[in-house]
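In: Need coordinates for the following:
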Amino acid sequence: MNLTKHFKKKEFDCQCRCGTGEISMELVEKLEQVRIEYDKPMKINSGIRCRVHNRSIGSKVTSSHIKGLAADISCQSMEERHQLLRIFLKYFTRVGIHKVFIHVDVDNQKTNGVFVY
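Out: Here you go, the predicted structure:
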């Protein structure tokens with residue numbers, strides 16, 4: 001099932017295949033805007049996470065992924081990271097940088113800014 005022109009629901013599903021939760025359409029629509037501007041495919045490494053899966057990968061119990069408000073987007077090079085970061089900052093107020101992905105979320109219960117893993 002397509003959520004937008006470029007993103008399918010299954011791309012955001014919990015990786016353990018439990019079928020838990022719904023992804024935020026606000027998040028997906030912002031990612032769609034980024035995808036249009038970036039003009040290249042973007043791989044979602046992680047979207048929704050159930051509590052069991054979240055715990056199994058060592059993530060915090062306060063993770064925005066549990067609420068369906070976050071996504072981690074793959075990036076493998078400095079150039080790709082720079083391009084994506086520049087665009088993400090136009091659409092998201094919370095961005096996390098990791099060496100192999102960029103985290104974005106729309107969790108208004110958390111402090112805005114850029115953080116690193």
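
In: where along this structure do the strands fall?
Out: Assigned strands in the chain, in chain order: 44-46, 70-74, 94-97, 101-105, 113-116 (criterion: DSSP state E).

In: Just checking: what are the partner strands of the third one?
Out: Using DSSP bridges, the strands paired with strand 94-97 are strand 101-105 (antiparallel), strand 113-116 (parallel).

In: Kindly reformat these as TSV containing distance to residue 38, mean neighbour count and mean pLDDT.
Out: In short, each C-beta sits where N, CA and C put it, glycine included. Rendered in TSV, the data for the strands paired with strand 94-97 read as follows (distance: least, CB to CB, whole Å; neighbours: other CB atoms under 10 Å; pLDDT from 0 to 100):
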stretch	distance to residue 38	mean neighbour count	mean pLDDT
strand 101-105	12	22	98
strand 113-116	18	11	96
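
In: Can I get these in TSV including distance to residue 63?
Out: Formatted as TSV, the entries for those read as follows, by distance: least, CB to CB, whole Å:
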stretch	distance to residue 63
strand 101-105	9
strand 113-116	13
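
In: Out of the ones you listed, which gets nearest to residue 91?
Out: When the strands paired with strand 94-97 are compared for distance to residue 91 using CB to CB, the nearest one is strand 101-105, at 8.0 Å.

In: All set, thanks.
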